[in-house]
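Chemist: coordinates only, no sequence provided:
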Ligand SMILES: NC(=O)C1=CN([C@@H]2O[C@H](COP(=O)(O)OP(=O)(O)OC[C@H]3O[C@@H](n4cnc5c(N)ncnc54)[C@H](OP(=O)(O)O)[C@@H]3O)[C@@H](O)[C@H]2O)C=CC1
Ligand SMILES: O=C([O-])CC(=O)C(=O)O
C-alpha cells in the first residue's frame with residue numbers, strides 16, 4: 001500500500017515516523033502534499049517520500065490511499081478531487097463534513113468511483129455506541145465537554161478556567177476548527193451537528209486534552225472521559241488522534257469489521 005499524506009505538521013510527522021521508520025504497518029508513505037516547502041523538504045529528506053506542492057502531481061503519483069492531516073479547509077477543498085482520482089481517503093479534519101449537503105456529495109462521489117472514505121474516531125471513543133444507540137433513532141441527547149490548556153485555544157495568561165463556548169457542534173467547529181473535530185465525529189455517528197451540544201473550556205490546570213462525552217436515549221445512558229496526552233509537536237492535538245489514523249491504515253482491507 002502506497003500512502004499519500006496531506007499536511008506536513010504534527011500528525012504527518014508521526015505517521016511518517018511510525019510507518020516509514022518503525023514499519024508499524026504494511027505500507028509506505030511515498031508522497032506528501034503541502035504548502036510548507038521547508039517542512040516538506042525536511043520530511044522528504046528524512047523519510048524518502050516525495051514532497052509535492054502541486055496537487056495534480058501528488059494525486060497522479062503511485063498512491064493507493066490519501067490521508068488528510070492538515071486542516072478543515074484542506075479536507076473541504078480536496079476530498080472530492082481525491083475520490084475523483086480513484087483513491088481511498090482517510091480524513092482527520094472531520095469538521096469539513098459539518099455541511100450535510102457536502103457530505104452527501106462526498107458519499108455519492110466515493111460510491112461512483114468505488115472508493116471508501118474513513119473518518120477515524122480521532123481523539124475520542126464511543127462512536128460505536130452512538131451508532132448502535134441511534135440505529136432506530138432512539139438516541140436523544142449527546143454532549144461533549146472539551147477542556148484544553150488556554151494556549152491550545154488561543155488564550156494566554158488567564159488564571160481560572162473559562163468557558164468559551166456552549167452550543168451546537170456545527171457552530172463549534174466554525175469557531176474552533178483545530179480543536180473540536182471530535183465533536184463532528186460524534187455528530188456524524190449520532191444525532192447530527194445541530195443536536196449535539198458542545199462545551200469548550202480553557203483550563204490552565206489541565207495538562208491533558210480532556211473530552212467528556214455524555215449520551216442518553218432509549219438504550220440508557222453513557223458517560224466517558226478521555227484524558228489525552230497532547231502531542232509534543234502540537235499540544236492542541238492529542239496523541240490518540242494520530243494513533244486513530246494509524247489504526248485506520250492498519251485495518252485497511254481487513255474483511256473483519258469490529259465495532
Ligand atoms: N479528528 C480528531 O480527533 C482530530 C483532528 N485534527 C485535525 O487534524 C489536523 C492536523 O493536525 P496536526 O497535524 O496536529 O496539525 P498541525 O498544525 O501540526 O499541522 C497542520 C498541517 O496542515 C497544513 N495546513 C494547514 N492549513 C493549510 C491550508 N489551508 N493549506 C495547506 N496546508 C495547510 C500546515 O501547513 P503550515 O505549516 O504551512 O501551516 C501543516 O503542515 C488539524 O488541523 C485538525 O483539523 C486534529 C486533532 C484531532
Ligand atoms: O486532539 C484533540 O484532543 C481534539 C482536537 O484537536 C480536534 O478534535 O480537533
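Modeler: In hand now; what should we look at? Just so it is clear, the structure is predicted and the values come from calculations on it, not from any experiment. Numbering: from 1, shown residues only. Ligands and ions are numbered 1, 2, ... in the order given.
Chemist: now do whichever strand or helix holds residue 43: distance to the chain's middle.
Modeler: Assigned by DSSP states H and E, residue 43 belongs to helix 37-47. Taking CA atoms, centre = their mean, to the nearest Å, one finds the center of helix 37-47 at 23 Å from the center of the full chain.
Chemist: now do stretch 68-77
Modeler: Counting by CA atoms, centre = their mean, stretch 68-77 comes out at 10 Å from the chain centroid.
Chemist: mean confidence (pLDDT) on it, please.
Modeler: Across stretch 68-77, pLDDT averages out at 98.
Chemist: please identify the buried residues of the helix or strand hosting residue 74?
Modeler: Assigned by DSSP H and E, residue 74 falls within helix 72-84. By neighbour count with 16 or more other CB atoms under 10 Å, helix 72-84 contains the buried residues 72, 74, 75, 76, 78, 79, 80, 82, 83. Glycine gets a C-beta too; all of them are placed from N, C-alpha and C.
Chemist: low-confidence stretches in the stretch 51-200 of the chain?
Modeler: For the stretch 51-200 of the chain, no stretch has pLDDT under 70.
Chemist: residue closest to the middle of the chain?
Modeler: residue 92 (2.4 Å; CA atoms, centre = their mean).
Chemist: relative to residue 241, how far out is the nearest residue in space to that residue that is not next to it in sequence?
Modeler: In this structure, residue 92 finds its nearest non-sequential neighbour in residue 69, 4.9 Å apart by CB to CB, 6 or more residues apart in numbering. Using CB to CB, to the nearest Å, one gets 9 Å for the distance from residue 69 to residue 241.
Chemist: overlap in contacts, these two.
Modeler: Counting by CB atoms under 8 Å, 6 or more residues apart in numbering, the contacts common to residue 69 and residue 241 are 11, 92.
Chemist: for the stretch 51-200 of the chain, what lies in contact range of ligand 2?
Modeler: For the stretch 51-200 of the chain, the residues in contact with ligand 2 (CB under 6 Å from any ligand atom) are 122, 123, 178, 179, 180, 181, 182.
Chemist: try 8 Å this time
Modeler: For the stretch 51-200 of the chain, the residues in contact with ligand 2 (CB under 8 Å from any ligand atom) are 93-95, 122-124, 146, 148, 152, 176-185.
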